[in-house]
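[1] make a model of this:
(one chain, ligands or ions: 1)
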Amino acid sequence: MIWNRERETLTDRKKKIIHGELLKNLVKRVYDSIPFYKEKIDAARINLDGITSITDIAKLPFTTKENLIDNYPFGMFAVPMSTIVEIHTSSGTTGKPVIGGYTSGDIDMWGEVMARCLTASGTAENDIIQNAYGYGLFTGGLGVHYGARRIGANVIPISGGNTKRQIMIMQDFKSTIITCTPSYSLYLAEVGGELGVDFKKVSLKAGNFGAEPWSDNMRKEIETRLNLMALDIYGLTEIIGPGVANECRYKNGVHICDDHFYPEIINPETGEVLPPGEVGELVITTLTREATPLLRYRTRDITALIPGECKCGRTSVRMKRIMGRTDDMLIIRGVNVFPSQIEEILFHIEGLEPHYQIIVDRVGNLDELSIQVEMNERLISDSIKGLEATENKIVAEIESVLGIKVGVKLVEPKTIVRSEGKAKRVIDKRQI
Ligand code: DLL
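    Next up is the predicted model:
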């Protein structure tokens, strides 16, 4: 099921022409309307008439999160305030947030890309979407809402939290699609289990889960516990919110809406553009955003573009599931570790619940990493030997995959804090 056949199945040749036109128009637009870009382009002595095709993008400067913060709140707006119809911000809890401004054209575009994402997970007009992303400044709630409206589906704007009510509504309203963070979906499964709900009898058939990193093994847990198809949805406030990319039912990469968001992968240290298949930092240019357009925005998210076509028929560029962020990568005694790598290992070891936390501390001059993970009821009733064997298994598997020795503590079920939005996986005691 494709939402917009013409735009989602463009040939390479057509795509190149469209990208070139949009880029040419974009650079002129940002140069004329955003003083930050005018200064940057002038300082780099870039001749805008020389930007004629998408390959010229390499001549343009990057935009960073610091640039956005420096221009807080409205310095990156390319249109007069009177044409802004909505503002959202990033969910960061410290310092100034990142701002996204939307014209009514941007809201239309958001509805379009979100409709594509929901359609990719099988959502159609007759579906009932239980939208458990937070409504408010966070883009999750309203982004999904606009996509659902565009499809003409029935959206239940329940927002995040109030878990028992979510379970009740899901059963009574016969919700068929659920949208929330992957960590919250597991909490829904847990609370449902406590209430005696059999998810095989619940109408949910699919979910668009994102806003935080998760692993394929976590997908398996969600699919088994909630009895649905779990697909990855990606996005960020700076670019539009959710709707930048979504998996299709083949689960073979996350399709980027590349007629609106042009992706590149760079080496985060040197800025060098990497070829398809290589892992690096995702950089996105917003080809059509009106209010807050961005040239080559450094997302800090780590992934790789996937070459080749997808069985679903879409020709949009795919990327791998986000592995982590350049700023949440832990460096433990010289080894780069992403929390999602640890999750992938934990979630296939028997006897564990899918709830964990990673604690980083400094002992002497060395960084130590320890993991607390919940055991299931069966493992609790095991002998001390059984528990030790599980702990040793976790230590050994992490050492063999990541090459570092970590501490592991099995904790009782339901002792790790559950999240209603983005889960906090890492506690960094080094900064306390
Ligand atoms: O999290 C937008 C969103 C809402 C995406 C609902 C998907 C669903 P921000 O709060 O600005 O926006 O956070 C953006 O979250 O740069 C990634 O680091 C992370 N992120 C978002 N989606 C995924 C995902 C929303 N599917 C930041 N996998 C991004 C991994 C993700 N990380």
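[2] what residues does the stretch 101-250 of the chain have near the ligand?
    133, 139-140, 210-213, 232-237, 241-242 (CB under 6 Å from any ligand atom). C-betas here are computed from N, CA, C, even on glycine.
[3] try 5 Å
    Within reach of the ligand by CB under 5 Å from any ligand atom, the stretch 101-250 of the chain has these residues: Thr139, Gly140, Gly210, Ala211, Pro213, Asp232, Ile233, Tyr234, Gly235, Leu236, Thr237, Pro242.
[4] name the residues linked to the residue most central in space within the chain by a beta bridge.
    Geometric centre of the chain, nearest residue: Tyr234, 3.5 Å, by CA atoms, centre = their mean. For Tyr234, the beta-bridge partners under DSSP bridges are Ala245.
[5] if we can go back for a sec, for the residues of the stretch 101-250 of the chain next to the ligand, could you give me JSON lines that also reports secondary structure?
    Shown next, in JSON lines, are these (DSSP: H, G, I helix; E, B strand; the rest coil):
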{"residue": "Thr139", "secondary structure": "helix"}
{"residue": "Gly140", "secondary structure": "helix"}
{"residue": "Gly210", "secondary structure": "strand"}
{"residue": "Ala211", "secondary structure": "coil"}
{"residue": "Pro213", "secondary structure": "coil"}
{"residue": "Asp232", "secondary structure": "strand"}
{"residue": "Ile233", "secondary structure": "strand"}
{"residue": "Tyr234", "secondary structure": "strand"}
{"residue": "Gly235", "secondary structure": "strand"}
{"residue": "Leu236", "secondary structure": "strand"}
{"residue": "Thr237", "secondary structure": "coil"}
{"residue": "Pro242", "secondary structure": "strand"}
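[6] let's have these in a markdown table, adding pLDDT.
    A markdown table is the format used below for those (pLDDT from 0 to 100):
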| residue | pLDDT |
| --- | --- |
| Thr139 | 98 |
| Gly140 | 97 |
| Gly210 | 97 |
| Ala211 | 96 |
| Pro213 | 94 |
| Asp232 | 98 |
| Ile233 | 98 |
| Tyr234 | 98 |
| Gly235 | 98 |
| Leu236 | 97 |
| Thr237 | 97 |
| Pro242 | 98 |
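[7] and those as TSV, adding distance to Leu294?
    Shown next, in TSV, are these (distance: CB to CB, whole Å):
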residue	distance to Leu294
Thr139	15
Gly140	20
Gly210	20
Ala211	19
Pro213	22
Asp232	23
Ile233	20
Tyr234	16
Gly235	14
Leu236	10
Thr237	11
Pro242	17
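[8] buried ones only from the residues you listed, please, as a ChimeraX command.
    Restricted to buried positions by 16 or more other CB atoms under 10 Å, the ChimeraX selection for these reads:
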select :139,140,210,211,213,232,233,234,235,236,237,242
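[9] buried residues in the helix or strand harbouring Met109?
    Using DSSP states H and E, Met109 falls within helix 104-120. Residues of helix 104-120 classed as buried: 106-107, 109-120 (neighbour count, 16+ other CB under 10 Å).
[10] show me what that helix is packed up against.
    helix 139-151, strand 241-247 (3 or more CB pairs under 8 Å, 6 or more residues apart in numbering; DSSP states H and E).
[11] comparing those, which comes out most buried?
    Across those, averaging neighbours per residue (mean count of other CB atoms under 10 Å) puts strand 241-247 on top, at a mean of 29.
[12] tell me what angle it forms with helix 104-120.
    30 degrees (axes from the mean of the first three to the mean of the last three CA atoms, to 10 degrees).
[13] just the residues contacting the next helix or strand after strand 241-247, thanks.
    Tracing the chain C-terminally past strand 241-247 and defining elements by DSSP H and E, one meets strand 254-256 next. For strand 254-256, the surrounding residues in contact (CB atoms under 8 Å, 6 or more residues apart in numbering) are 8, 120, 232-234, 244-248, 263, 310, 312, 314, 316-321.
[14] helix, strand, or coil at Arg300?
    When classified by three-state DSSP, Arg300 comes out as strand.
[15] residue contacts, it?
    Contacts of Arg300 (CB under 8 Å, 6+ apart): Lys65, Pro268, Glu281, Arg325, Thr326, Asp327.
[16] show me the two of the residues you listed that sit farthest apart.
    Farthest pair in those (CB to CB) is Lys65 and Pro268. Separation: 12.7 Å.
[17] what touches both of the two?
    Residues touching both Lys65 and Pro268 comprise Arg298, Arg300, with contact defined as CB under 8 Å, 6+ apart.
[18] relative to Lys220, which of the contacts of Arg300 is nearest.
    For the contacts of Arg300, the nearest to Lys220 is Arg325 (23.5 Å; CB to CB).
[19] that closest one: how many residues sit nearby?
    Using other CB atoms under 10 Å, Arg325 has 16 neighbouring residues.
[20] check Lys429 too.
    Neighbour count for Lys429, taken as other CB under 10 Å: 11.
[21] my guess is it contacts Ile359. True?
    Yes: if you go by CB atoms under 8 Å, Lys429 and Ile359 touch, sitting 6.5 Å apart.
[22] all helices for the protein, in order.
    Ranges of helices in the chain, per DSSP state H, are 5-8, 12-33, 35-43, 65-70, 104-120, 139-151, 163-172, 182-194, 216-226, 339-346, 377-380, 384-402.
[23] contacts for the second one, please.
    What that stands for is helix 12-33. Residues outside helix 12-33 that contact it (CB under 8 Å, 6+ apart) are 10, 37-38, 41, 48, 51-54, 56-57, 60, 78-79, 258-259, 262, 285-288, 293, 295, 315.
[24] would you list the buried entries among those residues?
    By neighbour count, with 16+ other CB under 10 Å, these hold 10, 37, 41, 48, 51, 54, 56-57, 60, 78-79, 258-259, 262, 285-288, 293, 295, 315 as buried.
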